[in-house]
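**Student:** Build the 3D model from these lines:
(one chain, ligands or ions: 2)
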Amino acid sequence: MMLATAPTLDVSGLTKRFGGLIAVKEIGFTIAPGEILGLIGPNGSGKSTVMKLIMGIERPDAGTVKLAGTDIAGWPTHRIARQGVGMVFQHSRPLPRQTVLENIKLALLPDSLFRLAAEPHVDHRAREIAERVGLGAVMHRRPPTLPFADLRRLEMAKALARNPKVVLVDEPFAGLTSGEVAVFSELIEGFRREGHAVLLVDHNVKSVAAMVDRVLAMYLGQRIAEGTAEEVMRDETVRRVYIGGKIEAHPRKELDNKGGEALLDVRGVDVFYGKARALQEVSLHVNTGEFVSVVGLNGAGKTTLFNAISGLVPFAGDIHWSGNSLNGRDPARIAREGIVQCPETRELFGDMSVRENLDLGGQHLPRAHREEQLNWLLDLFPILRERQHQQAVTLSGGEQQMLAIARALMMRPKLLILDEPTLGLAPVILEQLSNALGRLRETTPITVLLGEQNVTFALPHADRVYVLEHARVVWEGDPERFAAEMGAGYL
Ligand SMILES: Nc1ncnc2c1ncn2[C@@H]1O[C@H](COP(=O)(O)OP(=O)(O)OP(=O)(O)O)[C@@H](O)[C@H]1O
Ligand SMILES: [Mg+2]
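**Tutor:** Residues are numbered from 1 along each chain as shown. Ligands and ions are numbered 1, 2, ... in the order given. Below you'll find the model as predicted:
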């Protein structure tokens with residue numbers, strides 16, 4: 001007989017090795033019904049691996065995973081799912097040809113019962129779930145046409161549909177605006193109210209702390225602290241290896257060419273996707289050596305703007321680079337001329353090693369420069385030096401982000417375009433990246449165009465800031481004036 005307070009999930013001694021690396025070492029915890037446990041730790045500390053071990057996506061080398069008393073460690077994923085564990089993935093993977101509603105219906109039905117999808121009660125329940133997660137208006141659309149936040153909603157809907165006893169949620173807040181974070185927090189709270197046990201991983205420390213009952217902090221695969229959010233956040237080791245310090249401003253010496261000719265000059269640019277206007281009369285410029293931040297929420301048009309500059313989407317209007325028009329030029333040539341974009345989606349070659357990805361970035365450089373650049377980058381991101389021979393696809397989320405940035409830098413760009421580089425990075429890594437960008441500007445003539453919704457990262461570096469809202473530039477100015485004039489809604 002089980003007591004009401006018995007834990008739904010009881011993990012103990014969980015261990016996983018990848019070759020010589022111990023990704024997870026003797027991790028243990030329990031989660032009771034209606035309880036939320038937060039799992040925090042720097043990039044690569046083993047959080048996602050813990051979830052994959054529980055879900056049966058990776059096989060543990062040792063340890064037990066008890067679900068309501070039954071040890072499910074080492075079971076195949078589909079059995080674990082049927083037993084009552086659900087995972088909300090960091091990257092959504094809906095069926096692209098099925099509508100949102102059909103995707104939810106499939107999640108409602110166990111594998112063998114797909115033929116029941118037409119039943120009215122299934123349809124009714126699926127609609128209910130769609131409404132609950134805020135997909136009511138897009139139920140009949142196919143996933144590839146949906147914005148980022150809606151894809152996340154769909155993942156949440158699928159988890160709700162399966163009604164698991166334990167829900168594993170990996171980085172639900174990454175890349176979401178503060179408003180969207182509130183909506184997702186509420187959905188996760190809903191899991192709690194319905195008596196599910198929730199394991200939550202996210203680098204948005206504030207939002208995690210606000211919601212969880214307890215926190216477990218990991219570092220290098222091991223437990224370093226456990227307790228209430230307040231206790232764990234106060235812990236000295238946690239502060240040192242995870243939270244880090246404040247992001248410092250990197251003021252720079254006056255540019256000597258402030259009034260000079262713009263390196264990049266975007267004039268009255270319009271972009272349409274079908275009938276939807278993604279950019280409207282957008283004008284901005286970047287001078288040589290400047291660091292310009294474009295701040296905007298999801299869907300404001302930042303990525304479209306960068307893709308237009310890189311030659312990846314057709315536009316109307318004018319874009320000039322060092323005085324020459326980029327209109328109609330192909331992306332490869334634009335990249336060779338020194339405009340390098342590090343896309344939000346990373347675009348790494350997953351089957352290749354870290355080193356091979358970097359070498360590809362440097363293939364146009366003369367050998368001597370290539371070596372020098374590589375060494376400099378491996379100093380900048382020591383984890384990449386350690387992992388040179390690891391397959392890119394197996395890197396943790398944050399490690400992949402670092403590799404994408406390093407590969408872009410490997411090309412020695414004249415203009416580096418960074419699209420949401422902070423996505424999925426631990427606070428302490430943000431600080432490191434911020435310092436690296438500071439050093440980059442002090443030691444090289446690089447010019448940077450940064451797109452961010454995370455203004456605490458975007459402002460300290462910027463010489464100038466543009467705000468993009470609903471496809472238009474609505475504000476331009478110095479970072480010092482941003483808080484007073486634009487702060488509400490962003491800070
Ligand atoms: N299949 C694999 N082969 C080799 N190493 C792996 C494999 N899978 C994961 N790793 C390594 O194990 C470590 C833990 O990875 P994991 O994805 O669990 O980290 P994480 O804590 O989720 O990090 P992040 O916050 O960046 O998402 C990482 O250093 C990663 O590179
Ligand atoms: Mg992870």
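**Student:** For A436, which residues are in contact?
**Tutor:** 380-381 (CB atoms under 8 Å, 6 or more residues apart in numbering). (Each C-beta comes from the backbone N, C-alpha and C, glycine too.)
**Student:** what comes up buried for the one helix or strand it maps to?
**Tutor:** Per DSSP states H and E: A436 is located in helix 427-443. Of the residues in helix 427-443, 427-434, 436-438, 440-441 count as buried by neighbour count, 16 or more other CB atoms under 10 Å.
**Student:** Tell me where the stretch 301-450 of the chain has strands.
**Tutor:** Ranges of strands within the stretch 301-450 of the chain are 316-321, 324-325, 339-342, 415-419, 447-452, based on DSSP state E, counting those that start in this stretch.
**Student:** Sorry, slip of the keys, the one I care about is the stretch 151-300 of the chain.
**Tutor:** 166-170, 197-201, 214-219, 222-227, 262-273, 276-287, 291-295.
**Student:** Reformat these as JSON lines; add mean pLDDT and mean neighbour count.
**Tutor:** Listed next are the strands of the stretch 151-300 of the chain as JSON lines, based on pLDDT from 0 to 100; neighbours: other CB atoms under 10 Å:
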{"stretch": "strand 166-170", "mean pLDDT": "95", "mean neighbour count": "25"}
{"stretch": "strand 197-201", "mean pLDDT": "97", "mean neighbour count": "25"}
{"stretch": "strand 214-219", "mean pLDDT": "97", "mean neighbour count": "22"}
{"stretch": "strand 222-227", "mean pLDDT": "97", "mean neighbour count": "17"}
{"stretch": "strand 262-273", "mean pLDDT": "94", "mean neighbour count": "18"}
{"stretch": "strand 276-287", "mean pLDDT": "94", "mean neighbour count": "18"}
{"stretch": "strand 291-295", "mean pLDDT": "94", "mean neighbour count": "25"}
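**Student:** Let me know which of the ones you listed is the nearest to N357.
**Tutor:** Across the strands of the stretch 151-300 of the chain, N357 has its closest neighbour in strand 166-170 (23.3 Å, CB to CB).
**Student:** which strands and helices sit next to the closest one?
**Tutor:** Under the contact definition 3 or more CB pairs under 8 Å, 6 or more residues apart in numbering; DSSP states H and E, strand 166-170 sits against helix 47-55, strand 85-88, strand 197-201.
**Student:** Can you spell out which helices and strands pack onto the shortest one?
**Tutor:** Contacts defined by 3+ CB pairs under 8 Å, 6+ apart place strand 85-88 against helix 47-55, helix 148-162, strand 166-170.
**Student:** per-residue confidence averaged over that strand?
**Tutor:** Strand 85-88 shows a mean pLDDT of 92.
**Student:** Dump it to CSV, keeping only the CA atoms.
**Tutor:** This file holds the C-alpha atoms of strand 85-88, laid out as CSV (Å, rounded to 0.1, in the frame of the first residue of the first chain):
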residue,chain,number,x,y,z
VAL,A,85,6.8,9.7,-17.7
GLY,A,86,6.6,12.6,-20.2
MET,A,87,9.3,14.9,-21.4
VAL,A,88,8.9,18.4,-22.9
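**Student:** what's downstream of it, the next helix or strand?
**Tutor:** Following strand 85-88 toward the C-terminus (DSSP H and E): helix 100-108.
**Student:** For ligand 2, what's its nearest residue on the stretch 1-150 of the chain.
**Tutor:** S48 (3.1 Å; CB to the ion).
**Student:** In terms of pLDDT, where does the closest residue to F291 other than its chain neighbours sit?
**Tutor:** Distance criterion CB to CB, 6 or more residues apart in numbering; nearest residue to F291, sequence neighbours excluded, is V448 at 4.7 Å. What the model reports as pLDDT for V448 is 93.
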